[in-house]
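K.L.:
With the sequence up front, the predicted model follows.
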Amino acid sequence: MKHRFKIKRITGLLLIFCFGLFSAANTFAQQGTVRGTVKDASGVTVIGANITIKGTITGTVTDVTGNYTLSQVKQGDVIVFSFVGFKTQEVVYSGQTELNVVLEDADRALDEVVVIGYGTMKKSDLTGSVELLTAKDMNKGPIVTADNLITGRMPGVHVIPNGNPGTGSQIRIRGGASLDASNDPLIVVDGLPLKDASLTQINPNDIETFSVLKDASATAIYGSRASNGVILITTKKGSNDTWKFNLDLQGSVMTLPWKVESLGKDEFVKAVRAFSDASAEKLGYNGTIYDTDWQDEIFDTQIGTNVNLSARGKVGDFMPARVTVGYNNTPGLLITSGYQRGNASVALTPSFFNNTLKVELNANGSYEKYNKADEAAIGGAIFFDPTKPVFVNGKRNATGKYMGYYEWGADYGNNDNYSYNSLSGRNPVAMLNEVNHTSDIYKFWGNVQFDYSIPYVDGLRAVLNLGLQTEKWKEDSKTNKTAATIYSVNGVNTPIGAEWHNNGKQTNMLLDFYLNYNRQLFEPLHLDVTGGYSYQKFNFGTEHNSGDILKHAVDAEVEIPRDIIYTPKVLISFFGRANLSFYDRYLLTLTVRNDHSSMFAPDKRSGIFPAASFAWRVIEESFMDEQALF
């Protein structure tokens, strides 16, 4: 394998020019410096290998001769040696001045098993574009939602954070595919395609791997729903070892890193006085010019917590099991925003009949609570007059005009006159404190899968997968009657609040059945064929109540108008995939799926989604043995 070592040497030279030497130059008296050489198993020096002190950003890389110098090393530090194509090694520093390391070759990257939808394959046998992310490569730190695990970790997968806590991120795989329809990818958890799901509902602590199907060949097995890509999630399972318990406690401090630059009191006063004397007379309130930083009023430093407890082991002699519970509390930087989530999950993976029948049961539940803040208050805080107070009398007044909040142009001497300056914007603190907008969401999803190796037919398996997803939510919003909202009644401004309620529930039931035949037919040909049937039924219903407090809250007998909508949908599919490998060099994948959806007219319900892809492992050809480029 000469060509492989040459690849690594060229890659190492490129890494030196890209990253340079970033080791620290200053060494404290209690710190040491270690030098050495990094080689591979055949004695060839490794150029550009990374040497870092674990848990820090201190490190260096080997030069063109494979040598390195690492400073600021303390007794007990763990020195990590790593390079592409080799196994990572860790060495505890105990005062050595010279440390030579031999890195072991790691060909496991091409042998990694990747979930591809209705089956798995070795990464080296893939012809489509599939990206795998395992637990060891996921982002670490205070992870709130599962999308935080993959941010910046997978090429072609763009994760765009949302400012509200717990609301998850926008995920785009190779950009958007539609101008006016959804561009969200299909999410499949342990073989269950979820309906209208986001990664926020999944406990990040439960995830073992992400597989992302990116191109048409890889996604065709999921048909019409896969046009925006597919994210396949495999959760952690039990083990055959004795029971082990893991408690993970995390705390995080959230603070505003910077504020939008806006005029302070002195600058604002100077600008207004330069503009006109008439405008200058309106500065402040009741003769006092206040100094209010509205961004400080609506933002606050918060402390978040994340707790996960998991147990992993074996029940009896045949049932590996894993049980987890978790709790996350993430207050938002906006004073009335926040997110809480509770999770519980159970995974059982027993085997029967000499391991010919494998059963996998996954059950997950979550409760999420959102406190939603009006983000328009952020813009209001930037532009609102800094010479005005938050409250006209120093505190909130439940019976006062506009509940005691200052509103531009309001006449606080006349409680019957609710006029105000409609061009000035509303008090940003009132926009947050006087609107109570919450959501409570209960979710369950799980499946049971039976994988049976059929006797007397070597390589033939039958798989039955039954899944269920349910979701129930309740969203409420109420704006105080005397807050800074008004309504014109017979030409007179009248204080009025508003409220609305949105309740909904949905179910998603799945039945998948498929056969898989995987066998080396004869010397040059390996065949992996899958064919099956899928039935998925969705029920979606919402109930919406809305109205204003003036009309409805005064009279308890009057109900707020209610709109009720229920939508059933059925998706029936037939699918097939054939993977052919000739001489372990020529790879061909043929995929087809036929979807039948009840959402369309009877003569338009069927759609066929075929795909084909071919790969040639040129590096395995005999004429590539002596080449020096790859």
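P.N.:
Here it is on my side, so go on. All figures in this text were calculated on a predicted structure; none of them were measured in a lab.
K.L.:
Who is the closest residue to residue 333 other than its chain neighbours paired with across the strands?
P.N.:
Nearest non-adjacent residue to residue 333, counting by CB to CB, 6 or more residues apart in numbering: residue 299, 5.0 Å away. Every residue, glycine included, has its C-beta placed from N, CA and C. Residue 299 has these beta-bridge partners by DSSP bridges: residue 334.
K.L.:
do the same with residue 581
P.N.:
Going by DSSP bridges, residue 581 is paired in beta bridges with residue 526, residue 587.
K.L.:
Look at it and say how many residues are nearby.
P.N.:
21 (other CB atoms under 10 Å).
K.L.:
and what of the one 10 residues further on?
P.N.:
Burial measure for residue 591: 27 neighbouring residues, criterion other CB under 10 Å.
K.L.:
contacting residues for residue 244?
P.N.:
By CB atoms under 8 Å, 6 or more residues apart in numbering, the residues touching residue 244 are 311-313.
K.L.:
and it, how far is that from residue 321?
P.N.:
Relative to residue 321, residue 244 is positioned 12 Å away (CB to CB, to the nearest Å).
K.L.:
Find residues that contact each of the two.
P.N.:
Here residue 244 and residue 321 share the contacting residues 312-313, scored by CB under 8 Å, 6+ apart.
K.L.:
follow-up on the earlier one: closest to residue 610 out of the contacts of residue 244?
P.N.:
Residue 610 lies nearest to residue 312 out of the contacts of residue 244, by CB to CB, at 41.9 Å.
K.L.:
returning to that earlier point: ranking by neighbours, what's the top pick from the contacts of residue 244?
P.N.:
The member of the contacts of residue 244 that has the most neighbours, counting by other CB under 10 Å, is residue 312 with 20 neighbours.
K.L.:
right, and it touches residue 322 too?
P.N.:
Yes: using CB atoms under 8 Å, residue 312 makes contact with residue 322 at a distance of 4.7 Å.
K.L.:
Now do the shared contacts for the two.
P.N.:
Joint contacts of residue 312 and residue 322 (CB under 8 Å, 6+ apart) are 236, 238-239.
K.L.:
Help me confirm that residue 497 comes into contact with residue 479.
P.N.:
Yes: between residue 497 and residue 479 there is a contact under CB under 8 Å: 4.6 Å.
K.L.:
who's more crowded, these two?
P.N.:
residue 479 (21 against 18).
K.L.:
From residue 245, how far off is the more buried one?
P.N.:
47 Å.
K.L.:
cool, and residue 327?
P.N.:
16 Å.
K.L.:
cool, residue 145 as well?
P.N.:
Computed as CB to CB, the residue 145 to residue 245 distance reads 24 Å.
K.L.:
Looking at these two, which is more packed in?
P.N.:
Neighbours were counted for residue 145 and for residue 245 using other CB under 10 Å; residue 145 has more, 25 against 10.
K.L.:
Please report phi then psi for that one.
P.N.:
phi -130, psi 160 (degrees, to the nearest 10).
K.L.:
Tell me, how many residues neighbour the residue lying closest to it once chain neighbours are set aside?
P.N.:
Sequence neighbours aside, residue 200 is the residue nearest to residue 145 in space, at 4.4 Å (criterion: CB to CB, 6+ apart). Residues near residue 200, counting by other CB under 10 Å, number 24.
K.L.:
per-residue confidence at residue 200?
P.N.:
pLDDT, residue 200: 80.
K.L.:
How much space separates it from residue 166?
P.N.:
Distance from residue 200 to residue 166, counting by CB to CB: 6 Å.
K.L.:
what do you get for residue 585?
P.N.:
49 Å.
K.L.:
Repeat that for residue 283.
P.N.:
From residue 283 to residue 166 the distance is 41 Å (CB to CB).
K.L.:
which of the two has more neighbours?
P.N.:
Legend: neighbour count by other CB under 10 Å for residue 283 and residue 166, higher for residue 166 (24 against 19).
K.L.:
neighbours around the residue lying closest to the more buried one once chain neighbours are set aside, how many?
P.N.:
Residue nearest to residue 166 in three dimensions, not counting chain neighbours: residue 339, with 2.7 Å by CB to CB, 6+ apart. With neighbours defined by other CB under 10 Å, the count for residue 339 comes to 24.
K.L.:
in the helix or strand hosting residue 339, what counts as buried?
P.N.:
Assigned by DSSP states H and E, residue 339 falls within strand 338-348. Across strand 338-348, burial judged by 16 or more other CB atoms under 10 Å covers 338-345, 347-348.
K.L.:
What is the most widely separated pair among the residues you listed?
P.N.:
338 and 348 (34.4 Å).
K.L.:
hmm, back to that, and of the contacts of residue 244, the nearest to residue 223?
P.N.:
Using CB to CB, residue 312 comes nearest to residue 223 of those, at 35.5 Å.
K.L.:
Can you show me the strands along the stretch 451-600 of the chain?
P.N.:
460-479, 486-489, 492-495, 498-522, 525-548, 562-582, 586-597 (DSSP state E, counting those that start in this stretch).
K.L.:
What residues of stretch 189-198 count as buried?
P.N.:
Result for stretch 189-198 [16+ other CB under 10 Å]: buried residues 189-195, 197-198.
K.L.:
Oh, that last question was meant for stretch 354-372, not what I typed.
P.N.:
358, 360-362, 364-366, 368, 370-372.
K.L.:
what's near enough to touch the residue nearest to residue 607 when sequence neighbours are not counted?
P.N.:
Spatial nearest neighbour of residue 607, chain neighbours left out: residue 595 (5.1 Å); criterion: CB to CB, 6+ apart. Residue 595 sits next to 223-224, 571-573, 606-607, 609 when contact means CB under 8 Å, 6+ apart.
K.L.:
Please check these and keep the buried ones.
P.N.:
For the contacts of residue 595, buried by 16+ other CB under 10 Å: 223, 571-573, 609.
K.L.:
all helices for the protein, in order.
P.N.:
In the chain, the helices defined using DSSP state H lie at 2-19, 108-111, 216-219, 265-275, 277-280, 294-298, 376-383, 428-433, 549-552.
K.L.:
Which of these comes out lowest on mean pLDDT?
P.N.:
Looking at the helices of the chain, the bottom one is helix 2-19 with a mean of 39.
K.L.:
Compute the number of surrounding residues for residue 230.
P.N.:
Residue 230 - counted by other CB under 10 Å - has 24 other residues nearby.
K.L.:
Can you give me the separation between the closest residue to it other than its chain neighbours and residue 172?
P.N.:
Nearest non-adjacent residue to residue 230, counting by CB to CB, 6+ apart: residue 213, 4.1 Å away. Noted for residue 213: a distance of 14 Å to residue 172, by CB to CB.
K.L.:
now do residue 610
P.N.:
25 Å.
K.L.:
ok, these two, which is more surrounded?
P.N.:
Between residue 610 and residue 172, residue 172 has the larger neighbour count (other CB under 10 Å), namely 18 against 12.
K.L.:
okay, how far is it across stretch 390-401, tip to tip?
P.N.:
13 Å (CA to CA, to the nearest Å).
K.L.:
One more: stretch 201-214?
P.N.:
Note: stretch 201-214 ends 23 Å apart using CA to CA.
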